[in-house]
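>>> attaching a predicted model along with its sequence, questions to come.
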Amino acid sequence: MLTFLATEKGCLFFKTSIILITLFFLQIIVITMLVRRFKQGTQGAIRSSRKFTPCHGIDFLYLMDNYTYAMALISTLNRNLSIVGDHFYFFRSIGRNLFRRGFEGSEFTRQSFHIGYKSAWLCVLTGFILGVVLTIQSQPTLKDFGAESFIPRMVTISVVREIGPVIVALICAGKISSSIGAELGSMNVTEQIDAMAVSGANPIQFLVVPRILACTLMIPLLTILADAMALAGGFIATDADGGMTLQLYFNKAISGLQYSDIYPALIKSILFGFMIGYTGCWNGFNSTHGTESVGIAANRAVVTASVAVIIIDAIVVQVTNWIIYK
């Protein structure tokens with residue numbers, strides 16, 4: 001992989017993927033917040049303008065409505081540009097503290113344990129059932145064409161390329177991102193983060209960086225574990241129908257894989273892990289309206305991480321098809 005990235009095509013692939021992911025992520029944030037804030041701002045502005053209108057002439061109300069719409073749009077753009085700026089500042093703070101001296105190794109180990117080990121059983125169960133279902137669903141169709149021997153290769157390529165990374169990322173977005181958002185949100189509401197900053201500790205370095213790094217490392221490992229269990233489930237479903245031996249099944253499954261199938265899945269898993277950790281930390285750090293905001297932060301973390309996973313998957317698939325498969 002390092003050899004590929006060292007080539008001109010690899011550099012182009014890396015730069016293009018980073019630019020596209022950044023643009024799509026910012027576009028989703030801006031559009032979502034723009035629509036929501038614009039609706040809230042215009043409704044409140046129209047109600048207030050009609051409440052204090054000195055006369056009820058039709059032309060005056062028409063002008064006031066247009067004026068309030070314009071002012072609400074301007075204020076909405078200002079707020080959303082501020083949110084985008086906050087994202088860049090937060091991302092820059094993470095990058096600056098990532099390589100700073102005093103890395104919290106014990107916190108990173110603890111977060112890796114909670115994110116990886118405590119989520120392993122869920123990924124094992126999901127991957128196993130996924131392999132069984134794919135095999136059972138594809139057997140009747142392939143049997144009609146006399147192509148039952150292609151089942152191991154079909155299951156392996158489907159799981160490794162696409163289904164495994166996406167399913168594991170969505171599961172972890174619901175379990176891990178919500179947990180990080182709720183934990184940091186409660187710390188922010190109870191002013192524990194402010195107390196850390198006042199006492200001289202760096203909240204970004206102690207709370208954010210270990211969680212994001214743990215997610216970036218553990219999500220690919222959980223994906224590999226789920227892929228392996230999917231192959232095991234596929235073998236059990238095939239063997240239950242009176243088919244192949246274990247050695248023959250795995251020979252057919254592994255022989256169908258190529259490096260061009262593994263690289264995109266690995267890149268997606270790393271990006272998924274980063275986005276899951278980033279969205280959880282961002283929403284937790286920006287919960288401000290009392291204890292109610294803790295649940296809101298957890299909910300937003302799940303939704304944002306899930307949407308980001310789907311967008312990143314679409315981008316990586318397009319880029320890899322353009323660079324690798326062609």
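Structure received.
>>> show me where the stretch 51-200 of the chain has strands.
Here the stretch 51-200 of the chain has no strands by DSSP state E, counting those that start in this stretch.
>>> wait, what's in contact with Ala301?
By C-beta atoms under 8 Å, 6 or more residues apart in numbering, the contact set of Ala301 is Ser177, Ser178, Ile180, Gly181, Thr279, Gly280, Trp282, Asn283, Gly284. Every residue, glycine included, has its C-beta placed from N, CA and C.
>>> for the second one, which non-adjacent residue is closest in space?
Among residues not flanking Ser178 along the chain, Ala298 sits closest, at 4.3 Å (C-beta to C-beta, 6 or more residues apart in numbering).
>>> contact partners for that neighbour?
Applying C-beta under 8 Å, 6+ apart to Ala298 gives the contacts Ser178, Ser179, Gly181, Ala182, Gly185, Asn283.
>>> for ChimeraX, what selects the buried ones among those?
Buried members of the contacts of Ala298, defined by 16 or more other C-beta atoms under 10 Å, are picked up in ChimeraX with:
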select :178,179,181,182,185,283
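>>> keep only those of the contacts of Ala301 that are in helices.
With DSSP state H as the criterion, helices contain Ser178, Ile180, Gly181, Thr279, Gly280, Trp282, Asn283, Gly284 from among the contacts of Ala301.
>>> so what pLDDT did the closest residue to Ala226 other than its chain neighbours get?
Among residues not flanking Ala226 along the chain, Gly127 sits closest, at 3.2 Å (C-beta to C-beta, 6+ apart). pLDDT, Gly127: 91.
>>> cool, and Ser287?
With respect to pLDDT, Ser287 has a value of 81.
>>> ok, which stretches of the stretch 201-326 of the chain are strands?
Taking DSSP E, counting those that start in this stretch as the criterion, the stretch 201-326 of the chain carries no strands.
>>> and the helices in it?
Under the criterion DSSP state H, counting those that start in this stretch, the stretch 201-326 of the chain contains helices at 203, 209-240, 246-255, 259-285, 292-320.
>>> got the phi and psi for Glu191?
Backbone torsions of Glu191, given as degrees, to the nearest 10, read phi 70, psi 20.
>>> let me fix that, I meant to ask about Thr190.
Torsion angles at Thr190 (phi, psi; degrees, to the nearest 10) stand at phi -80, psi 10.
>>> give me the neighbour count for it.
Neighbours of Thr190 under the rule other C-beta atoms under 10 Å: 12.
>>> same check, this time on the one 5 residues further on
Per other C-beta under 10 Å, the neighbour tally for Ala195 reads 12.
>>> what about it, distance to Arg96?
Separation of Ala195 from Arg96 (C-beta to C-beta, to the nearest Å): 22 Å.
>>> for Leu73, same thing?
Leu73 is 35 Å from Arg96, by C-beta to C-beta.
>>> quick check, Ala120 in contact with Leu225.
Yes: Ala120 lies in contact with Leu225 (C-beta atoms under 8 Å); the separation is 6.3 Å.
>>> more neighbours, those two?
Higher neighbour count among Ala120 and Leu225: Leu225, with 18 against 15, using other C-beta under 10 Å.
>>> quick one: the more buried one and Gly200, what's the gap?
Distance from Leu225 to Gly200, counting by C-beta to C-beta: 40 Å.
>>> try Val133
In this view, Val133 and Gly200 are 53 Å apart by C-beta to C-beta.
>>> more neighbours, the two?
Neighbours per residue (other C-beta under 10 Å) separate Val133 from Gly200, with Val133 holding more: 15 against 6.
>>> run through the residues that contact the residue nearest to Leu184 when sequence neighbours are not counted.
Of all residues not flanking Leu184 in the chain, Gly284 sits nearest, at 2.6 Å (C-beta to C-beta, 6+ apart). For Gly284, the contacting residues are Ile180, Gly181, Ala182, Glu183, Leu184, Gly185, Met187, Asn188, Ala297, Ala301, by C-beta under 8 Å, 6+ apart.
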